[in-house]
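1. here are the coordinates; sequence isn't available:
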DNA sequence: GACCCTATGTGTAAATTACATGTAATGTCA
DNA sequence: TGACATTACATGTAATTTACACATAGGGTC
């Protein structure tokens, strides 16, 4: 029986919520991809580091294809050209849908955490803190 | 520009937390795969449905390979043979690690949700409920 | 010119998830 | 008794997601 991961799996977030996070940022005002990446970082667990850049650009392309966001090339300034994205009305609707999905995920996760504390309470693992 | 998903992505959970959920259940006592699947269902968002059965068996095999859980064949009763799993000490440690990962995910998600309400508050989308 | 930083992007492998299917034991009901 | 359902475990493989490597390009600095 061969298993690839020897001891513990990777517990980093897998960026499933990059999409709503981008929409939230764009709901606040237009931005370009490179900037979004930086502003995205603090929205995820601190140990996660910045999300993958290539993934962000691909996400932005997909969202534009969906009509969730729209883009224009920014007025050429110093440095390489920037593509500036803004959220559409349809994007605001999508964001509202995401909010309810996130809320139910939140509820599920807190239930799981509660179950953990119940299970851990009577055992060896110290749980007096938290 | 061809995008595969036309309007909105699939917001169902992608079972990223099946592993800690299984460990939580097994921390409560031994169980077999088919039973775990049923007891897993209410730990996820209600609209998600039961997690994929084949995925659960594969997860159990991987966890056993990792030493996180261990199994024995149950005393033969009526119906097909059951493999009964129980959590190991190393599994309890892994569960504790998961708990902190979940806690930080929880924090990130609630931050995201808060950002959504901030963004939504001044706009068209009615948010008086929630 | 060599090198770094910003900025956008493609190519592709690896990992994860979903769906289809196969097996076996037992029970039911006509 | 044989077609069908239910429980239970398992493999095969397609589809999707994520990660990593790399390419391109403008501009600054040394």
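-> That came through fine. Keep in mind that what you see is a predicted model, and the values were worked out from it rather than measured.
2. the helices in chain A, which residues?
-> Taking DSSP state H as the criterion, chain A carries its helices at A:18-27, A:33-40, A:53-66, A:89-121.
3. and the residue nearest to residue A:67 when sequence neighbours are not counted, what does it touch?
-> Distance criterion CB to CB, 6 or more residues apart in numbering or on different chains; nearest residue to residue A:67, sequence neighbours excluded, is residue A:90 at 5.1 Å. C-betas here are computed from N, CA, C, even on glycine. Applying CB atoms under 8 Å, 6 or more residues apart in numbering or on different chains to residue A:90 gives the contacts A:66-68.
4. tell me the most buried of the helices of chain A?
-> helix A:18-27 (a mean of 24; mean count of other CB atoms under 10 Å in any protein chain shown).
5. what about that helix, average pLDDT?
-> Regarding helix A:18-27, the rounded mean pLDDT is 95.
6. ok and that helix relative to helix A:89-121, angle-wise?
-> 130 degrees (axes from the mean of the first three to the mean of the last three CA atoms, to 10 degrees).
7. show me what helix A:18-27 is in contact with.
-> A:31, A:36, A:39-40, A:43-44, A:51, A:55-56, A:59-60, A:63, A:68-69, A:85-87, A:91-92, A:94-95, A:98-99, A:101-102, B:9, B:112, B:115-116, B:119-120, B:123.
8. which among those are in contact with DNA strand C?
-> residue A:60 (CB under 7 Å from any atom of the strand).
9. pLDDT value on the closest residue to residue A:28 other than its chain neighbours, please?
-> In space, and not counting its chain neighbours, residue A:28 is closest to residue B:119: 5.8 Å by CB to CB, 6+ apart. pLDDT, residue B:119: 81.
10. wait, does the lowest-mean-pLDDT helix or strand in chain A contact DNA strand D?
-> Lowest mean confidence among the helices and strands of chain A (mean pLDDT, DSSP states H and E): helix A:89-121, at a mean of 89. No: using CB under 7 Å from any atom of the strand, helix A:89-121 never reaches DNA strand D; the gap is at least 12.8 Å.
11. so the residue most central in space within chain A versus residue A:52, what's the distance?
-> Closest residue to the average C-alpha location of chain A: residue A:18 at 2.7 Å, with CA atoms, centre = their mean. As judged by CB to CB, to the nearest Å, residue A:18 and residue A:52 stand 9 Å apart.
12. how about residue A:87?
-> According to CB to CB, residue A:87 and residue A:52 sit 22 Å apart.
13. hang on, isn't the residue nearest to residue A:28 packed against residue A:87?
-> No: with contacts counted by CB atoms under 8 Å, residue B:119 stays clear of residue A:87, the gap being 9.3 Å.
14. intersection of neighbour lists for the two?
-> With CB under 8 Å, 6+ apart, residue B:119 and residue A:87 have common neighbours A:27, A:95.
15. for residue A:58, what are its contacts?
-> If a contact means CB under 8 Å, 6+ apart, then residue A:58 has no contacts.
16. list, one by one, the residues from chain A near DNA strand D.
-> Counting by CB under 7 Å from any atom of the strand, chain A sits next to DNA strand D at A:12, A:14-16, A:18, A:51-55, A:58, A:76, A:78-81.
17. and if we set it to 6 Å?
-> With CB under 6 Å from any atom of the strand as the criterion, chain A meets DNA strand D at residues A:12, A:14-16, A:52, A:54-55, A:78-80.
18. from the residues you listed, which would you call buried?
-> With burial judged by 16 or more other CB atoms under 10 Å in any protein chain shown, the buried subset of the residues of chain A next to DNA strand D is residue A:15.
19. from the residues of chain A next to DNA strand D, pick the one nearest DNA strand C.
-> Comparing the residues of chain A next to DNA strand D against DNA strand C with CB to the nearest atom of the strand places residue A:54 closest, at 2.9 Å.
20. can you check what pLDDT the model gives that closest one?
-> If you check residue A:54, the pLDDT there is 95.
21. likewise for residue A:12?
-> 58.
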